[in-house]
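A.B. asks: here are the coordinates; sequence isn't available:
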């Protein structure tokens, strides 16, 4: 069964450093999502792509976060500079282009900023 | 925008008993309601979903009900087993929006 892949699984970085996360969606899925999940809370959407285009980045802190999906397949989420409050799980999800948008999540990257 | 409230935040039941988790949503245009199960340290997994054109859907021990008038939907787990212990999230979306809004999660513990 195809799954969403993410790397790294864990990342520890010092504040003010740059970090990057990678996501490879399920083959053929046009829609890709990046979520942030703080411990004990539900996932919160950061950015949504349809192919290579950003559909929604209204909750992305654009002063420090950036995301790209250059060829409409895999995607990278970057934080520069990282802050202590960025410590969280970063989840990637992908979905097909059907009428109802089922989303399938990757294993996530656990970020700890010290 | 859409807002989803989920209750309770924690739920503890005896093995074999039933568990019910409830969510309410604010946008009457929402028409797709998935439920995700997240075990400790693992990815959220889609376990069941319901669309606004049906009132109930079952899959073995799991069922979801939807009341569009009251704008709430519920997850029902019968004959609970230890492996049902996890955090469960509800979500809602509007057709065409492709954007899920999640509830805060319910930590379900099954006591042997």
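C.D. replies: Yep, it's here. Note that this is a predicted model, so its numbers are computed, not measured.

A.B. asks: what's around residue 29, how many residues?
C.D. replies: Went with chain A since none was named. 18 (other C-beta atoms under 10 Å in any protein chain shown). Backbone N, C-alpha and C define where each C-beta goes, glycine included.

A.B. asks: switch to chain B, please.
C.D. replies: As a burial measure, residue B:29 scores 13 neighbours (other C-beta under 10 Å).

A.B. asks: helix or strand for the closest residue to chain B within chain A, which one?
C.D. replies: Closest to chain B within chain A is residue A:42: 3.3 Å, counting by C-beta to the nearest C-beta. Using DSSP states H and E, residue A:42 sits within no helix or strand.

A.B. asks: and what of residue A:111?
C.D. replies: Assigned by DSSP H and E, residue A:111 falls within strand A:109-113.

A.B. asks: partner strands of that strand and their direction?
C.D. replies: Strand pairing for strand A:109-113, using DSSP bridges, gives strand A:10-13 (parallel), strand A:88-95 (antiparallel).

A.B. asks: please, where are all the strands along the chain?
C.D. replies: No chain was given, so I picked chain A. Assigned by DSSP state E, chain A shows strands spanning A:5-7, A:10-13, A:19-24, A:31-37, A:44-50, A:53-56, A:65-68, A:75-79, A:88-95, A:103-105, A:109-113.

A.B. asks: nope, chain B
C.D. replies: B:4-7, B:10-14, B:19-25, B:30-38, B:45-51, B:56-59, B:62-67, B:72-77, B:86-94, B:101-102, B:106-111.
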